[in-house]
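>>> build me a structure from this.
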Amino acid sequence: MQKDIATPIRTKEILNKYGFSFKKSLGQNFLIDPNILRNITKFAGLTKETGAIEIGPGIGALTEHLARESKKVVAFEIDGRLFPILEDTLSPYDNVEILHQDILEANLQEIIPEKFSTIQDVMVVANLPYYVTTPIILKLLENNLPIRGMVVMLQKEVADRIAAKPGTKDYGSLSIAIQYYTTAETVMIVPKTVFMPQPNVDSAVIRLIKREQPAVEVLDESFFFHIIRISFSQRRKTILNNLTNGLEKGKEKKEDILKALNVAGIDPSRRGETLSIQEFGLLSDTLLPIFSGN
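Below you'll find the model as predicted:
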């Protein structure tokens, strides 16, 4: 088998050969532990019938593991300096395609069916750049793409927020936004010592599997997320307080908000962080007629 890229010695050899210097602005931290990469690939449940989408392949450390385990890999890379390196390191694999594109600007509704035309099972597997983790995940979910889910490495603190349960300090609007579309589970903690260069914080691998239907059915999705954002706008305040101050004409309609909370079976003195997704769904449906002009 091909010698792994993700060892300290091989990584240094490749970087020295090409005179590559890390760009902090692109959040470049390369993994140098093949065991972690094998585990990431395993958690994604890849088979020879799976297509893998990677974001930020770097010098190809994770890419080669994906190439070994899946039918085809399509990787998005914005740093043009890495293309000659990837052409070299991934030369043994004929099932990898690197696109010089920013994933946030790419038209994935067109790219995925085109690149994976004969593949039904598509997973996103990536070591995400920390500075754009949340926008990337939300784009992939909100665009309702034909993917099974994603296994991604990100800052541990963000992973904690994504997988958090109601009533915990990490639970917030991000937890709900992602758990609305997926089941979220942290599957591995990754120490900062296995990266080159070392980041300042530990990382975690999170597995997000898309739900067939959203976690709760609501009358108006954008209003539902609007209510959630307002409910977490000041974490220490009660749900009644946040809704009254945050909703347009909320102060005028305080009595109506109070009634809606009672109809939804939610104590007005509770804080937003204690409400489940289902409770937020019921609350937004109850408030909708009051604030939609109906």
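>>> secondary structure element for the residue nearest to L243 when sequence neighbours are not counted, which one?
Distances taken as Cβ to Cβ, 6 or more residues apart in numbering put I257 closest to L243, at 5.1 Å, once the chain neighbours are dropped. Yep, even glycine has a C-beta here, placed from its N, CA and C like the rest. Under the criterion of DSSP states H and E, I257 resides in helix 254-263.
>>> just name whatever secondary elements that helix is in contact with.
Using 3 or more Cβ pairs under 8 Å, 6 or more residues apart in numbering; DSSP states H and E as the contact definition, the elements that helix 254-263 packs against are helix 239-246, helix 277-291.
>>> give me the most central residue, this structure.
Per Cα atoms, centre = their mean, the C-alpha nearest to the average position across the chain is that of I137, at 3.1 Å.
>>> that residue touches L208, doesn't it?
Yes. I137 lies in contact with L208 (Cβ atoms under 8 Å); the separation is 7.4 Å.
>>> got any residues that touch both of these two?
Any residue near both I137 and L208 by Cβ atoms under 8 Å, 6 or more residues apart in numbering counts here, and that gives M150, V152, I162, I178.
>>> hang on, the first one is in a strand, isn't it?
Which is M150. Yes. The assignment for M150 (DSSP: H, G, I helix; E, B strand; the rest coil) places it in a strand.
>>> ok, now which ones touch K169?
Residues near K169 by Cβ under 8 Å, 6+ apart: E273.
>>> so what pLDDT did A260 get?
The predicted local confidence for A260 comes out at a pLDDT of 96.
>>> that one against I290, yeah?
Yes. In this structure, A260 sits in contact with I290. The criterion is Cβ under 8 Å, and the distance is 6.3 Å.
>>> neighbour count winner among those two?
A260 (23 against 16; other Cβ atoms under 10 Å).
>>> could you find the closest non-adjacent residue to that one?
Counting by Cβ to Cβ, 6+ apart, the nearest residue to A260 once its immediate chain neighbours are dropped is T286, at 4.3 Å.
>>> output the helix or strand hosting Q109 as PDB - backbone C-alpha positions only.
Assigned by DSSP H and E, Q109 belongs to helix 108-115. Coordinates of each C-alpha in helix 108-115 appear next as PDB, following Å, rounded to 0.1, in the frame of the first residue of the first chain:
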ATOM      1  CA  LEU A 108     -23.400  22.300  -5.300                       C
ATOM      2  CA  GLN A 109     -27.000  21.600  -6.700                       C
ATOM      3  CA  GLU A 110     -25.300  21.300 -10.100                       C
ATOM      4  CA  ILE A 111     -21.900  19.900  -9.100                       C
ATOM      5  CA  ILE A 112     -23.000  16.900  -7.000                       C
ATOM      6  CA  PRO A 113     -25.400  15.300  -9.600                       C
ATOM      7  CA  GLU A 114     -22.800  16.000 -12.300                       C
ATOM      8  CA  LYS A 115     -19.700  14.600 -10.500                       C
END
